[in-house]
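>>> got a predicted structure plus its sequence, pasted below:
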Amino acid sequence: MTSLVVGGGVSGLVSAYFLAKSGHAVTLIERNFECGGLLRSFDYGEFGRFDYGAHNILELGIAELDDLFWSLLPEEDWQVTMTKGGQTRALTGLIYRQQLQKGSPFIDLRSHPKWSEYVAALFTHLNHTDDALLEWHDLTAQQYAECLFGAKITNEIIGPALQQLHKKPAYQLNAMVLFLTQFTRLVMFDEPLMQDLLATKSIAKRLSYPDQLNLPDSILNLRRSLYPRDYGIYRVIDALVKKCKAIGVDFLLGSEITDLKVLDSTVRNVRVESSEGVRIFDQPDVIFWTAGLMSLSKTLGLLGSEQWDAPASTVMSHFLLSKPLNAGELSFIYNYDFGSKIFRIDNYSQYCERAPRANGYPITVESLLYTPFEASRLRMDILQEMQSVGLLDGGTDVLFETTEQLQYGFPMLSQRNVQQMNRLRDSIDKCNVQNLQTLGILAKPGLFFESDVMVDTMKALKKWR
Ligand SMILES: Cc1cc2nc3c(=O)[nH]c(=O)nc-3n(C[C@H](O)[C@H](O)[C@H](O)COP(=O)(O)OP(=O)(O)OC[C@H]3O[C@@H](n4cnc5c(N)ncnc54)[C@H](O)[C@@H]3O)c2cc1C
C-alpha cells in the first residue's frame, strides 16, 4: 500500500508510524521545515528552549499508543505527572476578580458579593430544568451555559468572561469555547457540603470540588501525563521522527499538496510542490489529511466566498525569572479578568524539574490579542499584572524576555465559523472520496485537545492497517 500523510503534527507522525509499521510505503508531507506543529519549541541559545505553550503527553489506555510514546525516551528520561500518589501534579489555577485561585481552575464564586443570589439562581434553574445536559455541538455558548447554570449566572458571570477572552458575546460563540477554557463548572460550596452534593448528579455535573489537591477518590482522574525530564516537548517529536525514519517513512519537508485529482470517488493523482520542485504521486492507496479542514477544502476547490470571523493573534511572551513564580503547585494559570493581557501562564518548572536554566525559571505567558501590540509594552503590562496578584516575589528580576506571535494559534470558535466549518465537513463528506481520511485538530466537531485527537487518529488507523 502507498500512503501519503499530510501534516507533520503529532497526529500525522503517529499516523505515519503505524501505517509504516503495518507495511505501507509512507510519505509524510509537511509545509514547515520541521515537524511537530504545535508541539515545538523556540530556541534562544544560552537562555534555552521555550515550548509553544503547554503541551504534554497523556496516557490514554490505548496500549500500542502509550507504548509508542514510552518507547521514545529511556524510562528515566520521562517525568511522570499524576493527580495522586506523591508525584508531581499538573494543577491548573485561575486569576479571577484580581485574585489568584489555587483550589480549582473553575470560577470560584464563594467569596463573590452576590454568592447567595447565584446559589438561589442555580437551584431555581435546576428545579425547572431536565437533568440531562443537551448535546452541545450546534448550540451557542449562551445556550449551553444557560442549560448548565441558568440565565442569571450566564449573563453575569460566564458571558462577561467569554467577552473578555474572545471579544464576542456568548450568543455569537459556539458552545465549544466553554470546554476549551474551563467554563463548564463553577465552585460554589466548601468541601464538606460539596462532598455530600456530589451524590446529586445534576450538581456533580455543574459544580467543581473546591480543592483540587484533595479530590475525593470518586472524582479523581488517575491518568498519567508524560513530559521529558530534560525540558522541551520537541524531544518527543524529534524521537518520533527518528523512529518513523527508521521504519522507512519518507519526509517531504517545506512541501505542500497543490492539487488532488479525484475521479470516481478516488484520489488518483497528487501534486506536491516544494522549493526543490514538483513531485507527482499516482494512485495513492490512502491519504491521511491532518493539516486542517481549510487547506483540504481549498485543495478540493470547496472554499467559496464565506466570510470568516478573524481569530485572535496567539502571542507568546517568554520570561526567564530570577525566582520561581509564586504559584504554589500550579503548572498552568488562566485569566478571565477584564482588560487583562494574560490568557494563560505556563509555569514550566512545576511540571519539569529540569526546566530552570541560566540561573533562572522559565515561564510563557500566552495572550489572545485582537489589536496590534507593541511587544515590550505587552511584556511590561504582563509583569505588572502578575505582580498585582502576587505571582512575582519581591526582588524578582527578569533575566531574559522575548515575544513571539504563533503562525497559527487559538481558533476563533464563533458560531458563524463553527457552522461554516460544519458545512465544509459536509461538502467533503459529499465528495465521498474513498481513499481520503481527515484527521487532526478540528477534523470533527469539537475535536481540539491533543488526547481527543489521538483517540480519533487511532480509531481511523484501525480501518487502514
Ligand atoms: C494555542 C493553542 C493551545 C493549545 N493548548 C492545548 C492544551 O493545553 N492541551 C491540549 O491537549 N491541547 C492543546 N491544544 C491543541 C493541540 O495543540 C492539538 O490537539 C494538537 O497539537 C493537534 O495535533 P495535530 O497534528 O492535529 O495538528 P498540528 O499540531 O496543528 O499539526 C498540523 C501540521 O500540519 C502542517 N500543515 C498545515 N497546513 C499544511 C499543508 N497545507 N500542507 C502540509 N502541511 C501542513 C502544520 O505545519 C503542522 O505541522 C492547543 C492548541 C492551540 C492552537
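Cool, the structure landed.

>>> what helix or strand does residue 296 sit in?
helix 293-299 (DSSP states H and E).

>>> how about that helix: buried residues?
Neighbour counts over helix 293-299 (16 or more other C-beta atoms under 10 Å) mark 293-297, 299 as buried. C-beta here means a position set from N, CA and C on the backbone, and glycine is covered the same way.

>>> tell me the one of those residues nearest the ligand?
Nearest to the ligand among the buried residues of helix 293-299: residue 295, at 3.7 Å, using C-beta to the nearest ligand atom.

>>> show me the contacts for that closest one.
Contact analysis of residue 295 by C-beta atoms under 8 Å, 6 or more residues apart in numbering lists residue 256.

>>> read off the pLDDT value for it.
Looking at residue 295, its pLDDT reads 93.

>>> now swap in the one 10 residues further on and tell me
The predicted local confidence for residue 305 comes out at a pLDDT of 87.

>>> how about residue 78?
Value for residue 78, per-residue pLDDT: 95.

>>> burial check on the closest residue to it other than its chain neighbours, number of neighbours?
Leaving aside its chain neighbours, residue 78 sits nearest to residue 226 (5.0 Å; criterion: C-beta to C-beta, 6 or more residues apart in numbering). Residue 226 has 19 neighbours, counted by other C-beta atoms under 10 Å.

>>> and what of the one 3 residues further on?
Number of residues near residue 229 (other C-beta under 10 Å) recorded here: 17.

>>> what helices or strands is the helix or strand where the residue nearest to residue 78 lies leaning on?
Per DSSP H and E, residue 226 falls inside strand 225-228. Here strand 225-228 touches strand 57-58, strand 78-81, going by 3 or more C-beta pairs under 8 Å, 6 or more residues apart in numbering; DSSP states H and E.

>>> residues touching the shortest one, excluding its own?
I take that to be strand 57-58. By C-beta under 8 Å, 6+ apart, strand 57-58 touches 69, 223-227, 236, 450-451, 454.

>>> stretch 368-382 now?
165-167, 310, 312-315, 317, 319, 341-343, 365, 367, 401-403, 409-410.

>>> mind checking which of those land in strands?
Counted as lying in strands by DSSP state E, out of these, are 313-315, 317, 319, 365, 367, 401-403.

>>> which one of these sits closest to the ligand?
Distances from the ligand to those, taken by C-beta to the nearest ligand atom, are shortest for residue 314, at 4.8 Å.

>>> any chance of a ChimeraX selection covering the buried ones in the contacts of strand 57-58?
Here is the ChimeraX selection string for the buried members of the contacts of strand 57-58, based on 16+ other C-beta under 10 Å:
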select :69,224,225,226,227,236,450,454
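
>>> which members of the contacts of strand 57-58 additionally contact the ligand?
Among the contacts of strand 57-58, the residues lying close to the ligand (C-beta under 6 Å from any ligand atom) are 450-451.

>>> export the contacts of strand 57-58 to a markdown table and tack on pLDDT?
Below are the contacts of strand 57-58 laid out as a markdown table (pLDDT from 0 to 100):
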| residue | pLDDT |
| --- | --- |
| 69 | 97 |
| 223 | 80 |
| 224 | 86 |
| 225 | 88 |
| 226 | 92 |
| 227 | 94 |
| 236 | 97 |
| 450 | 93 |
| 451 | 92 |
| 454 | 97 |
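
>>> for the contacts of strand 57-58, give me JSON lines that also has distance to residue 353.
What follows is the contacts of strand 57-58, written out as JSON lines (distance: C-beta to C-beta, whole Å):
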{"residue": "69", "distance to residue 353": "19"}
{"residue": "223", "distance to residue 353": "20"}
{"residue": "224", "distance to residue 353": "16"}
{"residue": "225", "distance to residue 353": "15"}
{"residue": "226", "distance to residue 353": "14"}
{"residue": "227", "distance to residue 353": "10"}
{"residue": "236", "distance to residue 353": "17"}
{"residue": "450", "distance to residue 353": "22"}
{"residue": "451", "distance to residue 353": "23"}
{"residue": "454", "distance to residue 353": "25"}
